Each structure stands twice: as structure tokens, then as C-alpha cells.
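Asker: no sequence on this one, just coordinates:
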């Protein structure tokens, strides 16, 4: 059924949308597809940089008492690695995929505010460049990605690194906020005729909630950064303890941003999983309502749990017990999602494409990350595990094993839509195995290092038994992982030139973005199929067995009730 | 297949039940981020008011004078509403006139803030003096920047209105700027109450 | 796990093991379900036709909402219990009642024993505690500069240290550490260039050994004589120490040097390491340290001293003799 011709073949190559050609077509564009791809390209550029920084760190930590990097350089590198990966890689990946896919998924021509969309990208990109300019301006920031005061104050940190850090993040923070606003308005006001908010693809739902998270969470970061800059450049006293300021205040402000931020970095990944698993199981998403409601629950709870990053501060048992309870609660909606995904696969016809392999691995790895996360909700175990390599392992299981595996699945899945060409499945599987092995080798063993007493953010460590060996294993894993990423980039480069033609709908998928050509034309759609359910393309291909006549057990309902769906 | 819709979604009307257009939704979301931003700056002021007893503190401020200048800002929220009404009636001259009055009131408020800052600097009360100075100037400074931004937008609207751009009865641009201006005004209500009025009345 | 030597840490360790086992069970359950679904799904994919288009099951949704919620409530009870048992409530007069004051510096530890009037650095001596119901030693923790964190896994929870916030903790070590094998820990909050070398060594002694250690700390440095050292002259060494800028930062009790900016060097010879854990305390290492500490611990505030060979020998003999 997938060969129903919906739109005529578009002859223009994907990088020449609009009237202008060449470089100007990218710089001057306000098209959501080009901007989405630019977000992704910029994210991968910074991903390579952040990855090289990670490799430098792993080389330094490969043996005990290594002198490959000086402590000052190591501290700059780990600060830039964390900052880059969070603000310039994961967030842009989430924003970029949303900006590319959301209008296509809801049958819109573009985002609600195309020019704001372009402004958001350029603010983010130049914010990143501003951050990296610090390397040539006398030293990169060295305060870690959360730059705790008073170490980040000028009394202890006299170079301009932290100033570039604060300014760069402020600029990119405004860009991110604009994207968040754009998502909310686009999804509220730009859906195709007939598409109810309860019928949008789950990726659109998670991006919608993500927009609200951004609107609520980025301002605390911006406020904290402004206050830090006032301290550093106008000799203010917000976070300077010796003159009445408070070092703990910074932590409250930073984590009021920082914890919702964790979900900003993972909710759209949940959405990608919810798109890919159904298509390759040949079934609809299990429990759409439950997945959507649990996304809302996570968003609300994320603001009420930030202080679990501060259990070591000594804030008192009542305070800690409240945040422990709230943090434990967030495991419930997350668990709901995991079970719904498992039951999406359950009873389906599973096709093991590379995209599917990544998404299945996501389920395993994210479950590990979620379970190790419970350790940080339970206050006494947090007192042991926080600020150790156990936390480093947990966080990478969530952000790399979680978000990046989902994004990889998404890349294999949507690459044909964006470029008109398929990534090689044969090489894809090799690349997947390399990523899976490299990732687990790098990070699983770090759980043990943390429990053995290795703090995070140390440039070296004493030669205790097994510490050197475990760190060496981790370092070797990091190189395998880096090779896997290089492999992916080469595959993308090759596929752009010589990849197999994809056609409009290579996966026999369910949602609207596959109803247009690959790559989509500048106006996205010439015609939109009627939308009467969550899987308009399924209904189009299966007029004898459409979703809108079906109850949740999969049976066709009697015709009288069909219009209520 | 018979119900195939045409894909020109840029002109399709908002879905029934969506109360406003895209610009209004966008400005609301934007004001949401601004509210959190100012809320946290104000919170930092309150926090240091509670934890740091050092002087100078809010009692050095000239409350009656600031109250008079604040009245200008509060009044400008009313004049911008009058401008909107004039637009609704299709009264272009009324629109321009009320916008100009709004801008003048806003300028008066900014001038008052400049006067206040100059006096405080003269007494060596600066952002680097103590936590009061740091949080007071950060909070009121960012508010002043927002007033300035609002004046730029209001002046632009005035120019466009004078050139005949708005025919009424409704303009999303006028509505959005007016909402932004009300928001800036509301923030000042909170700041004025917390920083000026309550200490003056001996409550905080 | 963590080889606990205190009842406080034992509770945390037991809870941690319990949580990890529970996590293992949950992971096995989820991955078991998923693997089963994948195997059957793969078999089904060779068959004709489409699978049933099931899109939800309300009963199942309730089940997997309620079950984790119940599990977490069940976990919350031991959480609160262990919070109280592993970190008992502190008295209101904790500031005055503290047995030990721990002060974090960039990048070394200052240990004060206010009740005994002793100040030392980088090696924490604690008397072993009886296995009764008492809470143990009350510790007061603060920072002289940036944020640090005191963490000895076998002893207690980790706790942040602030310049503007006093934190208190009970230590209750119930086992004496073997000779030459102190409990190890580290600063666990990033604090700058040498965060890595802000290691902690804790020596738990019998009460009698602890008392004699305290007594020796209080006695001014033993009188040195020119004859008891083949390598250098400790009496001259003391003069080298006092005549150089060493005394701007360091203190040695019994001398005029009483500055508290850098580690107290009284009885330096008895310590196992130099530079807060970075190298062993031997005369050749101490010479390297004095000559160019930044080569060993880059970023350190201490300047290098280009002393004559004889001055260096005498100074090292003086410092190392202070056992």
C-alpha cells in the first residue's frame, strides 16, 4: 500500500529550498526544514568538539597519576565538555529535530514564527561560538558545567573564562527560549484542519510539553547568569559569602533550571521512541493517553524535584524528605512510559532495522539509567553516590544511552525523509554494534569506580588496586565509541552522495510527514490526507480497517459510535 | 479520499476553541518567561532583605518621589488601553495621541529612575556596596531596560500609526505591545510594593 | 559495600545494597518482558498479515502505575529511617560542643581539636568509639574559601562544606585502623585546580593511643641537637625555617611561626604523605617539594625556594625530625 502516489516527485535537491542558492540559501533562510537541519549540523559540529574533549579527558584518566594534561587544562576541558554537550549538542538536537519534524507531523507549512525560528538558531550558534572564543581570550571557563559559587566568583577565578561561559549561555539561553515559545504556539495554532490535540503524533506531544518546560526553566538559568555577571563585572555580592552573599542561592537557582533541563534533554527523545517503535512493530503506540499524561506529569514534577541535586548541602531532614518523595514520584510516570513501550512491541511484527535496534537499546539503557537514578532519590544512598563516578555513569546512561540512542534511532528513521536517501542498513548495524559496545564499555564500569570511592571532576587519582585497570577499560571504550561516531558521520557523508533512493515512505509509516515527498517541497504538502485518527497515513492506506473505527483492544466498532473517536 | 484538504495551512482559520491568534499566544508565552525571570530577581532581593542586615538598605530610598514617578508608569497602562479603544473605533488620531502620551509617561518614569540612580550613586550606594545595592540595582535596572524596550516598541507603533498602518478595529501588534506594557507595569507594582511601600510603612 | 566501620555507614551501605538488588529485580522484569516480546515479534514477522492493532489496555495502565508507586512508598520508609539513623539530629549548641572542627582549604584540610587545643593538617586522628547507643564524635565542618565536600566512604555520608554555612556531622568509628592503612577519602565537590589532590586520611586509634597522640601534639617540638642527624643539622634547620618566608603561611607550635594560611607543620615528620596525598613523605620528596612544589602539584599557592644545599638539608632534617 505504500506505493500510493500522494505528491508528485520533487526535482530540487534538498539543500536548495527557496529562491536563493548556495550559502545564502542557508544563512538567509527562515524555512523550518533548513533551520532544523542547521540545528542538527551545528549540534554534530559541537558534538565532535565535545567528543574530542571527552577523549582528551579519557586519555588523561587512562592511567593513575597521568601527566598528559595539566590540572588547569583538564578542568577547562571537562567544563567545556559538559557545557558543550548539554547546551550545544543535546538541546540543539532536541530543538532541531522538533523544528524539522513538528510542522511536517501536524501538516503545517512552517513554524508559527519563521523569523523568530531563524533568530533562535543564530543566537544559539553564536552563543556557542562566544563560549568557544574563551579559548583564545585567555582561557576557557573552568568552573564545571554548574559553576558553583564562590569558586566561579572573581575572587577565585580571575580570567575571563567564566564571563564567556555566562555570556555564551545567556545568548544561547535566549535562543532556546524563543524555540520553546515557537513550539507551543505552532502546536496550538498550526495543526492541519481536523487534527485534534489528542491526535498529534507523540513526538509532537513531547515537544509541546518541552516548550512549556523551556518557558519555565530557562529563565532561572538566565537570572542566575545575569546575577553571576553582575557579581563578576560590577563587583556585586549575590554569591560572595564574605560580603553577605550566599553560595547556596546559586545552587537553588541553577538547579531550578538544571533539573527541568534534564527533561528538556530527554522528553523529545521519548517522543522519537514513541514514533519508531510502533512503525517497526506494525502496531499503534500502546497507551497514547497514558504516555501523554505521564509526559505532563514529568513536566510538573520536574520543577518540584530540583533540590535532589543538593542532598549533600545539609539543608535539613524535612527539606530533604520532601524532595526525596517528589523525586521518587517521578519514577512512576517514567515507569509508565517504559511499560507502554514494551507493550507497543508486545504482540507486534518486529522488523529489526538499525533505527529499531537503537530504540530497543534505548529501552534497556534508559531503564538502567532510571534505576541508578533512584539511588539519587533515596537520600542516604545519594549521600554516598553523588559527585562520584557513579553519578557520571548514571548521567551518561540517561543522556547518551537514553537521549543519544533515541536520536540515533531517529536519524536512521528520518534521514530518508530529510534527504531522500537511505542510510546503509548493513553499515548501520555495524555502526550500531560499535556504539553499543563502546558506550557500555565506557560507562558501565564507572558505576563501580564511583562505588569504590572515585570522585568526579578529578584530573587524576591515586594508584589504588583496580582503579587504573577500570579507568583504562573505560578509556578504550571511549575510543570505540568515538570510532562509532566517526563511522556514522562517514555513512551520512556517503549516503548524501550515493545513498540508495528512499522514496516517500520507505518504512510504511503512519504519520503525516511520510505523506509528502522526500525531501519535502518548500511548501511541505500539496495535499493532506483526511485526519480522523492518530495515524492518518494508516487510515489512508487501509481504508477497509481505519483506526477511527477501532477501540483500544483493536476491534472494529459498530458504525454508530465511529464518529466519537 | 474525498475529504482531502488543501494544504495551504497558513490561511486556515484557527481551530474552533483556540481563543487567540499566533501573535497573542506568542506574547503570552514570552511574558511567561519574563515573569519567571523577574520573579527570581525579586526573590533574590527578598532573600537578602531577610538574611543580610547590613546597611544601607531600602530605608535610604526616597519613597514619595518614586511614588509620583511610579504613578506616571501606572497611568501609562491606562493610556495604552485608551489607545486600543481608539483603534477599535477606527480613530487614527486618537490612537496616535494616546500612544504619544503613553511614551511620554514612560519617559517620565525612566527620567525619575535616572534621577534616583544618580542620587544613590552620589551617596556611594552602588551595586558593589552590599547585597542591597547588588539586588536593588539588578532588579530595578532590568525593569528599566524593559521599560526602555517597551518605549522603543511604542514609538515604533506610534510611527506606524501616524503613517496609517493600523486601520482597526484590531491589530495584533498593538495588542501584543499593550500586553507587554501592562506586564512591565505589573512588575513595577510588585517591586514598588516590596521595595518602597512596605519598608516605608514599617512593615518589611 | 564501602566497608563500613561505623554504624552510621553500615545503615547506608545496607540500604544501598537493598536498593541495588531491588533495581536488579526491576531491570530483570522489564528486560524479560521486552526480550520475550522481541522474540515472539520476530517469529510473527515471518507470518502473513498484520498483527492486531491493539492500542491500549486501561487495566494494565492502572497496574503499572500502582505497582511502582507502591514500591516507592515502601522504599520511602527505610529512606527516612536511615536518614535519621545515619545522620542523627545535632544539638542546638553544636558550635560549642564540637569535638573536631574540619576546615577545607584550597587544597588541604585543617583539623582542629578545640577541646584539646590542638591544630593539625591533612591527617585526621579519631579515637575509636564504644559500640553503645551514643552518636559518637560531633564534627563541625566549614570552608576557608570555596565549596568543598568531606567524604570518607567507610566512615559516614558525604557532606558539603561552605564558607557561609556551618555543617555538623557525627562520626562514630568503632574499629581501629591498622598501622599504615588509614581510611581514605577525598574532597567530593569540585574546588579548583587541585581538587584531585585533596585526599583525606583518617587514622582511628584506641583511646589510649589517641590521648598520647594529642599529648605529643601539645608538647612543643622536641629539642633538636646537631649530632642526631647525619643528613643535616636540625638546629640550623629551625633557623632556616624561621628566617625564610615559610612563617608567613605555616605554623609550628613552640616556635614564633603561628600563621594559619597553609598547613600546620607541627610534627610533619609523623605524616605519611605530603601535599594532601600526592607524594609519600620522605626526605628526598620533601626536598623536591620545597624546591618546586608547583612541579608536583601545579596550581599550588606555595612558591618554590632556591635554598643552598646545606640550608635545604638542614631544613628537611628539622621538619622530618618532628615526629
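Answerer: Cool, got the structure. Quantities reported herein were computed from a predicted structural model and do not represent experimental measurements. Numbering: from 1, shown residues only, chains lettered A, B, ... in the order given.
Asker: for residue A:392, what are its contacts?
Answerer: A:443, A:446, A:450, A:456 (CB atoms under 8 Å, 6 or more residues apart in numbering or on different chains). (Each C-beta comes from the backbone N, C-alpha and C, glycine too.)
Asker: try 10 Å this time
Answerer: With contact taken as CB atoms under 10 Å, 6 or more residues apart in numbering or on different chains, residue A:392 is in contact with A:443, A:446-447, A:449-450, A:454-457, A:474.
Asker: go on, residue A:512?
Answerer: A:101, A:103-108, A:192, A:195, A:200-201, A:204, A:524-525, A:528-529, A:531, A:535-537, A:540.
Asker: near chain B, from those?
Answerer: Among the contacts of residue A:512, the residues that sit close to chain B (CB under 10 Å from any CB of the partner chain) are A:103, A:106-108, A:192, A:195, A:524-525, A:528-529, A:531, A:540.
Asker: Flag every residue of the stretch 51-200 of chain C that's near chain B.
Answerer: Counting by CB under 10 Å from any CB, the stretch 51-200 of chain C sits next to chain B at residue C:164.
Asker: could you redo the last one with a cut-off of 7 Å?
Answerer: Counting by CB under 7 Å from any CB of the partner chain, the stretch 51-200 of chain C comes close to chain B at no residue.
Asker: Pick out the residue of the stretch 51-200 of chain C closest to chain B.
Answerer: Of all residues in the stretch 51-200 of chain C, the one sitting closest to chain B is residue C:164 (9.7 Å; CB to the nearest CB).
Asker: Nearest residue to the residue of chain B found nearest chain C in space, please, no chain neighbours.
Answerer: Minimum separation of chain B from chain C (CB to the nearest CB) falls at residue B:51, amounting to 9.7 Å. Spatially, and ignoring its direct neighbours in sequence, residue B:51 is nearest to residue A:246 (7.0 Å; CB to CB, 6 or more residues apart in numbering or on different chains).
Asker: Name the helix or strand for the residue most central in space within chain B, please.
Answerer: Using CA atoms, centre = their mean, the residue of chain B that lies closest to the mean C-alpha position is residue B:184, 1.7 Å off. In this structure, residue B:184 is located in helix B:172-191 according to DSSP states H and E.
Asker: Sort out which residues of that helix are buried, please.
Answerer: Neighbour counts over helix B:172-191 (16 or more other CB atoms under 10 Å in any protein chain shown) mark B:173-185, B:187-188, B:191 as buried.
Asker: So which residues of chain A form strands?
Answerer: Applying DSSP state E to chain A gives strands spanning A:527-528.
Asker: Mind splitting it into its structural domains?
Answerer: The record's domain parsing of chain A by automatic domain parsing lists A:1-30+A:501-565, A:41-53+A:68-238, A:266-497.
Asker: For the ones you listed, could you give me JSON lines that also reports distance to residue A:253 and mean pLDDT?
Answerer: Formatted as JSON lines, the domains of chain A follow (distance: least, CB to CB, whole Å; pLDDT from 0 to 100):
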{"stretch": "domain A:1-30+A:501-565", "distance to residue A:253": "34", "mean pLDDT": "77"}
{"stretch": "domain A:41-53+A:68-238", "distance to residue A:253": "4", "mean pLDDT": "95"}
{"stretch": "domain A:266-497", "distance to residue A:253": "10", "mean pLDDT": "95"}
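Asker: Just give the closest residue to residue B:89, not the sequence neighbours.
Answerer: Spatial nearest neighbour of residue B:89, excluding adjacent residues (CB to CB, 6+ apart): residue B:168 at 7.1 Å.
Asker: Does that neighbour belong to a helix, a strand or coil?
Answerer: At residue B:168 the chain is in coil, as set by DSSP: H, G, I helix; E, B strand; the rest coil.
Asker: how many neighbours does it have?
Answerer: 15 (other CB atoms under 10 Å in any protein chain shown).
Asker: Correct me if wrong: it contacts residue B:94.
Answerer: No - using CB atoms under 7 Å, residue B:168 makes no contact with residue B:94, being 10.3 Å away.
Asker: follow-up on the earlier one: of the buried residues of helix B:172-191, which are in range of chain C?
Answerer: Answer for the buried residues of helix B:172-191 near chain C: none qualify (CB under 7 Å from any CB).
Asker: Nearest to chain A among those residues?
Answerer: Closest to chain A, out of all of these and judged by CB to the nearest CB, is residue B:176, at 11.9 Å.
Asker: Count the residues that sit near residue C:93.
Answerer: For residue C:93, using other CB under 10 Å, the count is 9.
Asker: Now do it against residue B:79, distance only.
Answerer: Distance of residue C:93 to residue B:79, computed by CB to CB, to the nearest Å: 61 Å.
Asker: before we move on, the earlier item: for residue C:125, find the nearest of the domains of chain A.
Answerer: Taking CB to CB, domain A:266-497 is the member of these nearest to residue C:125, at 20.5 Å.
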